[in-house]
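In: please work out how this folds:
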Amino acid sequence: MVRYSKLPFRELVRSYNVDLAYTPMILAKEFKNSNIARNFDFTTNKNDKPLIIQFASNNSIDLLRAVELIVNYVDGIDINCGCPQKWAINEGIGVHLMEKPELISDMIKTIKRNIPNLPCSIKIRIHNDMRKTIEFVKRAESIGIDFIAVHGRTRRQKSTELVNLNAIKLIKENLKVPVIANGNIFTLSDAENIYKETSIDGVMSARGLLKNPALFADYDFAPWDCIENFVRLSIAYGTNHFIFHHHLMYMFEDVMSNAEKKTFNTLTSIPAIIDHLEEHYGLQLK
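Out: Below is the predicted model:
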């Protein structure tokens, strides 16, 4: 998730049956060049395991240099080939890489050659022509990718459109490495259904976990203790106002009226948000 999967959120979801957590998508070039970027984009601790760091890059050198800086702090690296945002495509990263199989192959080879003990994965979207996707993933498998996460939509499909389960199943049937399915997982039953329909090895949720960090513990919506724990962790780790505010807006999306959301959006500091939650929702941090 761009921006959101920071340390406090990862710690929160791990307490609700999440087995493997990813960092937000991090730009490899900025990460290798700037200590400020590194400190902003990545924090961890001894309990933050297993952890996959997700990099976006358009060349092997930037990627390798970034991975070399982080290799002792993570359990694997993922190369993002799925971000559909326009700015990412313009930078030659994210889903743009689905049209650059040679470049992805070079990135994978570079990581596996120089840091052979670090698991390397890719997160992809699908092509309109599934033959291209199968060729893409089989090529990645042939050069040593350790697992693949598949978002079952094309580059131009909106998040409101259904995930193509047949495409995910076809990818699974054509690979020997583990395959993780992503897209439209908002409840535990959604995850179980995708597992049943595709026979994949795992499921991944992004937007679903933003709304409900306790999704994999079989809660239909974020329980109140989950929200309180998120606030405590965010304070403890110094989460910035933007991230803190938007996380809570996701969690309260189906609870707040439009008028309440407007009021909440006027709160310009974390103390103001906490005071508001204490006064109107009964938040208790002690």
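In: domains of this structure: list them as residue ranges, please.
Out: 7-216, 224-281 (automatic domain parsing).
In: let me know which of those domains is tucked in deepest.
Out: domain 7-216 (a mean of 18; mean count of other CB atoms under 10 Å). For glycine as for every other residue, the C-beta is placed from the backbone atoms N, C-alpha and C.
In: quick revisit: I'd like the domains of the chain laid out as JSON lines, including mean pLDDT.
Out: JSON lines is the format used below for these (pLDDT from 0 to 100):
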{"stretch": "domain 7-216", "mean pLDDT": "96"}
{"stretch": "domain 224-281", "mean pLDDT": "93"}
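In: now do the contacts for Pro213.
Out: Neighbouring residues of Pro213 by CB atoms under 8 Å, 6 or more residues apart in numbering: 9, 12-13, 16, 222, 226, 230, 251.
In: give the contact list for Ile124.
Out: 81-82, 98, 133, 136-137, 148-151.
In: likewise Leu64?
Out: Per CB under 8 Å, 6+ apart, neighbours of Leu64: 110-111, 114-115.
In: how close does it sit to Val71?
Out: 10 Å (CB to CB, to the nearest Å).
In: between the two, which contacts overlap?
Out: By CB under 8 Å, 6+ apart, the residues touching both Leu64 and Val71 are Ile115.
In: can you show me the strands along the stretch 51-200 of the chain?
Out: 51-56, 76-81, 120-124, 147-151, 179-182 (DSSP state E, counting those that start in this stretch).
In: note down every partner strand of the second one and its orientation.
Out: Think strand 76-81. Note on strand 76-81: by DSSP bridges, its sheet partners are strand 51-56 (parallel), strand 120-124 (parallel).
In: where does Val255 land in three-state SS?
Out: For Val255, the assignment made with DSSP: H, G, I helix; E, B strand; the rest coil gives coil.
In: how much space between it and Ala222?
Out: Distance from Val255 to Ala222, by CB to CB: 9 Å.
In: do His247 as well
Out: 10 Å.
In: distance between the ends of stretch 79-96?
Out: 12 Å (CA to CA, to the nearest Å).
In: please compute how far it lies from its chain's middle.
Out: Centroid displacement of stretch 79-96 relative to its chain, using CA atoms, centre = their mean, to the nearest Å, is 14 Å.
In: and if you look at stretch 199-212?
Out: Using CA atoms, centre = their mean, the offset of stretch 199-212 from its chain centre is 9 Å.
In: just the closest of the contacts of Pro213 to Glu30, please.
Out: Glu30 lies nearest to Phe9 out of those, by CB to CB, at 21.0 Å.
In: my guess is that closest one contacts His247. True?
Out: Yes - at 6.7 Å, Phe9 and His247 qualify as touching, with contact defined as CB atoms under 8 Å.
In: now list whatever residues contact both of those two.
Out: Phe230.
In: on that earlier part again, which one of the contacts of Ile124 is nearest Met25?
Out: Closest to Met25, out of all of those and judged by CB to CB, is Gly82, at 9.1 Å.
In: quick one, what contacts that closest one?
Out: Neighbours of Gly82 in contact, by CB under 8 Å, 6+ apart: 94-95, 98, 123-125, 149, 151.
In: just confirm Val95 contacts Arg156, I think it does.
Out: No - using CB under 8 Å, Val95 is not in contact with Arg156, being 9.3 Å away.
In: joint contacts of the two?
Out: Pro84.
In: the helices in this structure, which residues?
Out: All helices of the chain, identified by DSSP state H, fall at 7-14, 28-33, 35-41, 60-70, 86-90, 101-114, 130-142, 165-173, 188-198, 207-211, 224-237, 241-251, 258-264, 270-281.
In: need these in CSV with distance to Leu51, can you?
Out: Formatted as CSV, these follow (distance: least, CB to CB, whole Å):
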stretch, distance to Leu51
helix 7-14, 7
helix 28-33, 15
helix 35-41, 13
helix 60-70, 10
helix 86-90, 22
helix 101-114, 16
helix 130-142, 22
helix 165-173, 24
helix 188-198, 21
helix 207-211, 15
helix 224-237, 15
helix 241-251, 18
helix 258-264, 31
helix 270-281, 25
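In: looking at these, which is closest to Leu20?
Out: helix 7-14 (9.3 Å).
In: helices or strands next to that closest one in the packing?
Out: If contacts are counted by 3 or more CB pairs under 8 Å, 6 or more residues apart in numbering; DSSP states H and E, helix 7-14 sits against strand 21-27, helix 224-237.
In: restrict the longest one to CA atoms and write it as PDB.
Out: The reference is to helix 224-237. Taking C-alpha atoms only, helix 224-237 is exported to PDB below (Å, rounded to 0.1, in the frame of the first residue of the first chain):
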ATOM      1  CA  TRP A 224     -13.300  -0.800  19.000                       C
ATOM      2  CA  ASP A 225     -10.200  -2.200  20.700                       C
ATOM      3  CA  CYS A 226      -8.500  -2.400  17.300                       C
ATOM      4  CA  ILE A 227      -9.100   1.300  16.800                       C
ATOM      5  CA  GLU A 228      -7.800   2.200  20.300                       C
ATOM      6  CA  ASN A 229      -4.700   0.000  19.700                       C
ATOM      7  CA  PHE A 230      -4.100   1.800  16.400                       C
ATOM      8  CA  VAL A 231      -4.200   5.200  18.200                       C
ATOM      9  CA  ARG A 232      -1.800   4.000  20.900                       C
ATOM     10  CA  LEU A 233       0.700   2.600  18.400                       C
ATOM     11  CA  SER A 234       0.500   5.700  16.200                       C
ATOM     12  CA  ILE A 235       1.300   7.900  19.200                       C
ATOM     13  CA  ALA A 236       4.100   5.600  20.400                       C
ATOM     14  CA  TYR A 237       5.800   5.500  16.900                       C
END
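In: that concludes my questions; thank you for your assistance.
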